[in-house]
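S.K.: just the structure for this:
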Amino acid sequence: MKYNVNLLHGVAWSTVGKVAQVLLGFITLAAFARFLGPEAFGIVAMAWVAVGVVELITGGMLAESLIQQKELRPAHTNTTFWLLLGFGFISFVVISTFSDGIAALVGGPAEVATVLGWRAISLPLGAVSGVHRALLRREGRFKAVATVETFGSMIASVLGISLAVSGAGIWSIIVNEVARVGITMLGAMIATRWRPGFEIERKAFMELLNFNIGSLAGVAMLYIDRMIPRLVIGNYLGASAVGIYTMAERLLEQIGDILIGPAWDVTLVMSARSQGQPEALRKLMRQTILATALVVIPLYLALVVLAPTLIDLVFGARWAGAATVVQLFLLGGLLLPASELGVAMLRGVGRSTLAIMLMVADVVVQAAMVFAVVGWGLEAVAGVRVAKELILWPAGAVVLASVVGISVRAQATAAFTPLLAGAPMAAVIWAVHHLLTPVWPQYFAAAAALLAGAVTYPCMLRWLAPTSFESAVSAVRSALRTRAGH
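M.R.: The predicted model follows:
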């Protein structure tokens, strides 16, 4: 029981933080979209091609080894800190010095070079906080993590939106990003009260090396996975198309942060603590996949139906071309609870090599398909997200079954059962929205459709998937008891 309470408590605090950050991020994204348009997003996305790989590393990916390490010594934390800081600072100098050449390499307009020099300021700042945030997660201090990250996002959003409204243009995005990283750094340092020392050991470095090699390989794969579509779209379809693709990608990431991110954090930490306990790992995997899918699937399907209306209402007419792209991203995201949480568990139990192999397969499949379909337009490139998830999920399920012992059938049941209730819910949302749109304002019609869907989904879940319904009710009751006990 204690294990489940801790799990739910961690998920609850992680979710609170993610909800606040995503809401702030969504408000900021909507403001930027209305005031700046797709081309500005495209320029920033092209700059990310150079900054992204460093940001992924310095943002804490290497520091995850501190979470996984069973016995943590000061030399582990000090070695990781100075390694991250040195890498972040050197990367800042290199990117700032060679910004013109990098801009030419990515094929972007002249503004990319200017953006690069300022955007790279966040690299050493993110490096400083990597160890601090990892220590908070290792200690299970999800409340502190949520507070620090939410406060940083809030201040950065206020600054970014204020600049966008005042006509600062693309610089509002740059200030928003740098401020968020810097304020989060200060908050994490205050929350942990840990300060780096100079106890650096080659032995400590070697003890963390295996996990860090997996982390570095994971960063490389994630970077390539994001970079290839942007480069291909930029060269074939232009900066505005990159902006639309990036906006859709950010929307999916923000929704994923709130729905999948907390479960990822807890799965990583709890699986690291449960190494050598097969039954506990299998139970954790079933619980997290099912709990996440029960929320992700209905929300994604509802957004698929209403995406054209919501994009027009929130982002404006200039983003009308993003509707189909967003819908395809959401459809591809239906499988993320199973695939993403599986990777988190593999990393948590120290099987990073297998996680990297799955990511390599993801990169190869996506790259091949993007190059093959780019001539058919931006929607075809976005459709690759759906196709690759369908192609690669079985392989990931087999790998997880071999490591943890949870069968492919059990994974599929946890991941896909909510679709039984989600499909009729989506049909109800479409029908209500279709009937009310001619006679009601768009926002009223959309709100009524969502309300109808919210009523339909639990009814369908109880009727078509009673076991999943009972699991959902039990999880809610446990969460309420946990809250009352704290």
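S.K.: how about stretch 96-109 as PDB, C-alpha atoms only?
M.R.: Extracted in PDB, the C-alpha atoms of stretch 96-109 (Å, rounded to 0.1, in the frame of the first residue of the first chain):
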ATOM      1  CA  SER A  96      28.000  32.300 -30.700                       C
ATOM      2  CA  THR A  97      31.300  32.400 -32.700                       C
ATOM      3  CA  PHE A  98      30.100  30.500 -35.700                       C
ATOM      4  CA  SER A  99      26.500  31.600 -35.800                       C
ATOM      5  CA  ASP A 100      26.700  32.800 -39.400                       C
ATOM      6  CA  GLY A 101      28.100  29.600 -40.700                       C
ATOM      7  CA  ILE A 102      25.500  27.500 -38.700                       C
ATOM      8  CA  ALA A 103      22.700  29.700 -40.100                       C
ATOM      9  CA  ALA A 104      23.900  29.100 -43.600                       C
ATOM     10  CA  LEU A 105      24.200  25.300 -42.900                       C
ATOM     11  CA  VAL A 106      20.600  25.000 -41.800                       C
ATOM     12  CA  GLY A 107      19.400  27.000 -44.800                       C
ATOM     13  CA  GLY A 108      17.600  29.700 -42.800                       C
ATOM     14  CA  PRO A 109      17.200  33.400 -43.400                       C
END
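S.K.: who touches that stretch?
M.R.: 42-43, 46-47, 49-50, 95, 110, 112-114, 116-117, 120, 231, 234-235, 239 (Cβ atoms under 8 Å, 6 or more residues apart in numbering). C-betas here are computed from N, CA, C, even on glycine.
S.K.: how far off centre is that stretch?
M.R.: Relative to its parent chain, stretch 96-109 has a centroid offset of 27 Å by Cα atoms, centre = their mean, to the nearest Å.
S.K.: report the rounded mean pLDDT for that stretch.
M.R.: Per-residue pLDDT values over stretch 96-109 give a mean of 78.
S.K.: how about stretch 198-213?
M.R.: Here the average pLDDT along stretch 198-213 is 66.
S.K.: what do you get for stretch 39-58?
M.R.: Here stretch 39-58 scores 78 as its mean pLDDT.
S.K.: just stretch 294-305 next, same as before
M.R.: Averaged over stretch 294-305, pLDDT sits at 94.
S.K.: where does the stretch 151-300 of the chain have low pLDDT?
M.R.: Residue ranges of the stretch 151-300 of the chain with pLDDT under 70: 200-219.
S.K.: what ranges do the helices span in it?
M.R.: Listed in chain order, the helices of the stretch 151-300 of the chain (DSSP state H, counting those that start in this stretch) span 171-192, 202-237, 239-259, 261-273, 278-314.
S.K.: ditto for the stretch 1-150 of the chain
M.R.: Using DSSP H, counting those that start in this stretch, the helices of the stretch 1-150 of the chain run over residues 2-36, 38-56, 64-68, 74-97, 99-106, 111-119, 122-138, 142-165.
S.K.: quick check: mean pLDDT of the third one?
M.R.: Read it as helix 64-68. Predicted confidence along helix 64-68 averages 67 (mean pLDDT).
S.K.: and for the first one?
M.R.: Averaging the model's pLDDT scores along helix 2-36 yields 68.
S.K.: offset the numbering so it begins at 392, please.
M.R.: Sounds good: first residue 392 from here, last item helix 393-427.
S.K.: which PyMOL command selects the buried ones in the contacts of stretch 487-500?
M.R.: A single PyMOL command selects the buried members of those (16 or more other Cβ atoms under 10 Å):
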select buried, resi 433+434+437+438+440+441+486+503+504+505+507+508+511+622+625+630
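S.K.: on that earlier part again, in JSON lines, list the helices of the stretch 542-691 of the chain along with distance to Met750.
M.R.: Listed next are the helices of the stretch 542-691 of the chain as JSON lines, based on distance: least, Cβ to Cβ, whole Å:
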{"stretch": "helix 562-583", "distance to Met750": "24"}
{"stretch": "helix 593-628", "distance to Met750": "4"}
{"stretch": "helix 630-650", "distance to Met750": "16"}
{"stretch": "helix 652-664", "distance to Met750": "14"}
{"stretch": "helix 669-705", "distance to Met750": "19"}
